[in-house]
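**Q** What shape does this take:
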Amino acid sequence: MFVENLTGPMLQMLGTKYNIEPFYFSSSVGWIPSRYQESVRLGDSDHITISLTFVRTMRNPSTVTPTPSFTTSVSSRPPVPQNIDQVIDTQTPLFIRSSDRILLLDLLALHMVRSHNNSTIISYHPSREHRSTTAASLHTRLHAVGQSVYWKKIYSEYDDPTFVFVSLLWYALYAWDEALEVLYAHICWVESRVIHSNNIELTQELHVIQAHLLHHASLLEDFRKSVVFVLKTPYPGLDNLRYSPEFCERSKALLEKECDNLLSEIERLDLQRSMQIKRLKNVMNLGFSTVNIEDSRRTQKLTEASMNDSAAMKQIAYLTMFFLPASLVATIFGMNVREINGNAFGTISHYLAIAIPLTIITCWAIGTIQFEPDQDLVVENEPSVIWRTLGRIGWPIVMLREMFTESRQKRLQ
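**A** All right, here's what the predicted structure looks like:
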């Protein structure tokens, strides 16, 4: 029985008719992973429930060419966010722009009444706005499984209804496989563009994909626990005296084989997921390396430009030095002194009497600003502030003192 879009009263009627634990519906509505067994009657029947979330891929509804049937099916669904608007939210669909597809979460909520008289399986499907697998679609797939040679033979030879349960778990596995294959192709597509560009949007997209892959680890672990639960929860009806011990052993061995196949495939999917995370890290490192290389090239260009500017400044300095002697001679002959200009009142002695003291004062002022006394020579009892102030003002004396101290220490050594 495949049900969807059920109201509260309908869920109550369904739960009352088949004696279903209300937690099945609450976990299904809330997309809560669950697995449990109830109403066990030894040698007769029981109820088992599995609710798990898996990843499925589909065409992007916002870019598919509309048709009358497609428009009707998606008219009430919210739009899928494009890649540029995506945030790191693992509950939202992941847009795969390389193949124009999306990866979205889907729900497989199964409740089975296992009985040798009449077994019933109930599959709950959320509303269409979640874009989950519809009841009609899963019913068609189960019908196709029953028509296959392999499963048809199992259904006809063994009375264990758990095999129907297991066959539905393969649907989630195939959906996982297809989704990871699409995602791997998209990672390769992004990698080829990261090599030739350092677009920031590609880096953001890589982080979004990595967040989804990390979330997939918990989903695959829930899937694995669900298969182990089915394996460790045998059908109580096999203990009935109507079945021979040999038949029970063959049935249990076949169920164990099918569950082991599922567990092996889940392990393969998890390894593939881990490989894709490593591939993503490699792509992100490649993107960072590309950015560093570009920065190095720009730095090199700036260094070359600075060197060219330095060479130009050197040329200007050389040119200035070339004209410096002539400028000195022109300045001397332009002096208004009696030795050069007989009508002048000033003399060279007057010039030197003003120029030499002014030069000494200028050198002393520059030294006072830039001079720092040797801290090793500061007297311990003498205030350091006063010493620095006196050292700056009387820096020639301090410099001579430092030179005398250093020379005396060298002689002592």
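
**Q** Lys278 is in contact with Leu213, correct?
**A** No - in this structure, Leu213 is not within contact of Lys278 by CB atoms under 8 Å, at 10.2 Å. For the C-beta atoms, the positions are set from N, CA and C on the backbone; glycine is no exception.

**Q** Among those two, which residue is more densely surrounded?
**A** Between Leu213 and Lys278, counted using other CB atoms under 10 Å, the more crowded position is Leu213 (20 against 9).

**Q** Could I get the phi/psi values of that one?
**A** Dihedral angles of Leu213 (phi, psi; degrees, to the nearest 10) stand at phi -70, psi -40.

**Q** residue closest to the middle of this protein?
**A** By CA atoms, centre = their mean, the chain has its centre lying nearest to His207, at 2.8 Å.

**Q** So that residue sits against Val190, correct?
**A** No - His207 lies out of contact with Val190 (CB under 8 Å); the separation is 11.5 Å.

**Q** right, and the helix or strand after the strand or helix carrying Glu256?
**A** Element membership of Glu256 [criterion: DSSP states H and E] is helix 245-333. Once the chain leaves helix 245-333, the next helix or strand it forms, by DSSP H and E, is helix 348-370.

**Q** Next, the angle from the helix holding Glu256 to helix 348-370.
**A** Angle of helix 245-333 versus helix 348-370, following axes from the mean of the first three to the mean of the last three CA atoms, to 10 degrees, is 160 degrees.

**Q** any idea how far Val283 is from the residue nearest to the centre of the chain?
**A** Noted for His207: a distance of 11 Å to Val283, by CB to CB, to the nearest Å.

**Q** pLDDT below threshold where in the protein?
**A** 64-87, 197-200, 291, 372-391 (pLDDT under 70).

**Q** re the thing from before, now the residue nearest to the centre of the chain. Nearest residue, chain neighbours left out?
**A** Ile88 (6.6 Å; CB to CB, 6 or more residues apart in numbering).

**Q** And the residue nearest to the centre of the chain, how far from Leu214?
**A** 11 Å.

**Q** does the residue nearest to His207 really touch Ala211, like I thought?
**A** Yes - counting by CB under 8 Å, Ala211 is a contact partner of Ile88 at 4.6 Å.

**Q** wait, Ile277 sits on Leu213?
**A** Yes - the pair Ile277 and Leu213 qualifies as a contact (CB under 8 Å) at a distance of 5.2 Å.

**Q** helices or strands next to the helix or strand hosting Leu11 in the packing?
**A** Per DSSP H and E: Leu11 is located in helix 8-18. Applying 3 or more CB pairs under 8 Å, 6 or more residues apart in numbering; DSSP states H and E, one finds that helix 8-18 contacts helix 22-29, strand 120-125.

**Q** hey, which of those is tucked in deepest?
**A** Greatest average neighbour count among the helices and strands packed on helix 8-18 goes to strand 120-125 (a mean of 20), per mean count of other CB atoms under 10 Å.

**Q** any idea which helix or strand comes after that one?
**A** According to DSSP H and E, the helix or strand after strand 120-125 is helix 135-147.

**Q** could you check the angle strand 120-125 makes with that following helix?
**A** Orientation note: helix 135-147 sits at an angle of 140 degrees relative to strand 120-125 (the same axes, to 10 degrees).

**Q** buried residues in the helix or strand following helix 135-147?
**A** Next helix or strand after helix 135-147 toward the C-terminus (DSSP H and E): helix 149-157. By 16 or more other CB atoms under 10 Å, the buried positions in helix 149-157 come out as 151, 154-155.

**Q** And helix 149-157, what does it pack against?
**A** Helix 149-157 packs on helix 135-147, helix 162-196, going by 3+ CB pairs under 8 Å, 6+ apart.
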